[in-house]
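*Asks:* have a look at this prediction, sequence included:
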Amino acid sequence: MGFRGYKTEGTMASQKPKDLRIYRLLKPELIRLWEHVDEPIDEETGEPIPLRPERITEIVLQKCVDVLDETGAVKNKRKLFAELLFREKENPTAIGDGIAIPHVRSVNVRELVMCFLRFPEGVRMKSLDGEPVYFVFCIVVPKFLEDITGYQRIYRKIIDWLRSSNFREELSEAKDAGEVIRAIRMME
């Protein structure tokens, strides 16, 4: 059973979900506001050893998979991570302006799932503009889902919203998952 009773397997796979509101998909437990990437420390100097953007991207994607796995919809974490990483290497999803939207169609999820991770200090993922990423929305949809227009609408909505400096400011200042969901509800 998927989002709002929407089955993605079996005879229901071709039916459209009635309502793909992001605030209903993005549950509080799928929101992380204080994420960071630890750099290894040089034992001699005590200074951090900078990680390559490609390695940071891998760490961020693994964090996304770990959060998505909490939904119970992930069939195989290792394979889902590999699919996201392959997709990322083909075409980076850190699109600039501090935003990354990793997304993939996968056989390793039972239903459409998404998460939001905020990196207050920014992370240097491999991005189109070379600037740090602060906001990561990760979206994974079942590969066998016949109608992917809902998935595409979600992706476009997120991009449109993140163009708003007010929305980005609300995400930056959110103290808890409830504030993120309220900001999203205001946009929908």
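*Replies:* Yep, that arrived. Everything numeric here is computed off the predicted structure, so don't read it as measured data.

*Asks:* what are the phi and psi values at the spatially most central residue of the chain?
*Replies:* Centroid-nearest residue in the chain: residue 138, 1.5 Å away (criterion: CA atoms, centre = their mean). Residue 138 has phi and psi values of phi -110, psi 130 when expressed as degrees, to the nearest 10.

*Asks:* please apply the same query to the one 3 residues further on.
*Replies:* Dihedral pair for residue 141: phi -120, psi 150, per degrees, to the nearest 10.

*Asks:* burial of it, as a residue count?
*Replies:* Counted by other CB atoms under 10 Å, the residues lying close to residue 141 total 22. Where you see a C-beta, it was placed from the backbone N, CA and C, and this is true even at glycine.

*Asks:* for it, list each beta-bridge partner.
*Replies:* Beta-bridge pairing of residue 141 under DSSP bridges involves residue 105.

*Asks:* off-centre distance for the longest helix seen in the chain?
*Replies:* In the chain, taking DSSP state H as the definition, the longest helix is helix 53-69. In terms of CA atoms, centre = their mean, to the nearest Å, the centre of helix 53-69 is set 9 Å apart from its chain centre.

*Asks:* any idea of the mean pLDDT in it?
*Replies:* Average pLDDT, helix 53-69: 97.

*Asks:* where do the strands sit along the protein?
*Replies:* For the chain, strands defined by DSSP state E occupy the ranges 31-32, 94-96, 99-100, 103-106, 113-123, 133-142.

*Asks:* helices or strands up against the third one?
*Replies:* Taking 3 or more CB pairs under 8 Å, 6 or more residues apart in numbering; DSSP states H and E as the contact definition, the neighbouring helices and strands of strand 99-100 are strand 133-142.

*Asks:* quick one: the strand it packs on to strand 113-123, angle?
*Replies:* 160 degrees (axes from the mean of the first three to the mean of the last three CA atoms, to 10 degrees).

*Asks:* number of nearby residues for residue 37?
*Replies:* Using other CB under 10 Å, residue 37 is surrounded by 18 other residues.

*Asks:* so how far is residue 151 from the residue lying closest to residue 57 once chain neighbours are set aside?
*Replies:* In space, and not counting its chain neighbours, residue 57 is closest to residue 125: 4.5 Å by CB to CB, 6 or more residues apart in numbering. Look at residue 125 and residue 151: by CB to CB, to the nearest Å, they are 22 Å apart.
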